[in-house]
Structures are given as structure tokens and as C-alpha cells.
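Participant: Predicted coordinates and the sequence they were generated for:
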Amino acid sequence: QVQLVESGGGLVQPGGSLRLSCAASGRFFSINNMGWYRQAPGKQRELVATMTSGGSTNYADSLKGRFTISRENAKNTVYLRMNSLKPEDTAVYYCNAELWNGAVGSVWMTYWGQGTQVTVSS
């Protein structure tokens, strides 16, 4: 079984920072894209940032400059550093990863973490 386990969420004041972590574990051979999405109450899930295994990144335009995604491929872990947080950043943040089990003929599968709550409030 494959699991994505997120950590690092919590309550932070406006202007503060948080770092989220997501580690993939279980039986798989390779990871391609890893990334973060978020879902605020009453809204659709939206892209935050993604990073390929080679280090190429993609960010939501509105978050560029405040959020930074990074990876430690050896640890199968992706991070999200969030600075200058605003109340509108309040959401459940989900980790996402594309994994391949290594079997001939198998396809890349997308997995999601359980989500971690980030609340920005004074």
C-alpha cells in the first residue's frame, strides 16, 4: 500500500510562516511529480505548486514569491514553505504524487494525502 503522510499544518498569525512536509511510503519504484493543492471551505481544490523529479516547478500565479516547493528525492519527501501568510491562505492542504510500481506495462498512479489544516488568523 502507498501512503502520503502530511505534517506541519496548524494555526499561524497573519504574516507568519509554516513549512509543510509530505512523505511517500509503501511499495513503489519511482516518483514523478509531487505537489501541493489546497481546498478552502466552499471552494474547489486548487493547485498550489508542483515539482518534477528533475526539479522543475509550477506555481499558482497568485502564490509565486510567497510559497516555495522543494523535494528530497532520497527521502521521497516534498515540502512547502509558506511565508507572509494571509487569512485567505486558510485551507486544507493536500499532498499529491505520481508513483510507478515498476511492473512492466503498469501505469503511473496518482495518490493523495489525507490533508493538513492550515489556519491563518489573529
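Facilitator: Now that the structure is in, tell me what you want to look at. Because the structure is predicted, anything quoted here is derived from the model rather than measured.
Participant: helix/strand/coil for residue 62?
Facilitator: Three-state call for residue 62 (DSSP: H, G, I helix; E, B strand; the rest coil): helix.
Participant: That one and residue 88, how far apart?
Facilitator: In this structure, residue 62 lies at 9 Å from residue 88, with CB to CB, to the nearest Å as the measure. For glycine as for every other residue, the C-beta is placed from the backbone atoms N, C-alpha and C.
Participant: does residue 68 really touch residue 81, like I thought?
Facilitator: Yes - between residue 68 and residue 81 a contact is recorded at 4.4 Å, counting by CB atoms under 8 Å.
Participant: which residue is nearest the middle of the chain?
Facilitator: Closest residue to the average C-alpha location of the chain: residue 36 at 2.6 Å, with CA atoms, centre = their mean.
Participant: so that residue sits right up against residue 18, yeah?
Facilitator: No - counting by CB under 8 Å, no contact exists between residue 36 and residue 18, whose distance comes to 11.8 Å.
Participant: where do the contact lists of these two overlap?
Facilitator: Common neighbours of residue 36 and residue 18 are not found (criterion: CB atoms under 8 Å, 6 or more residues apart in numbering).
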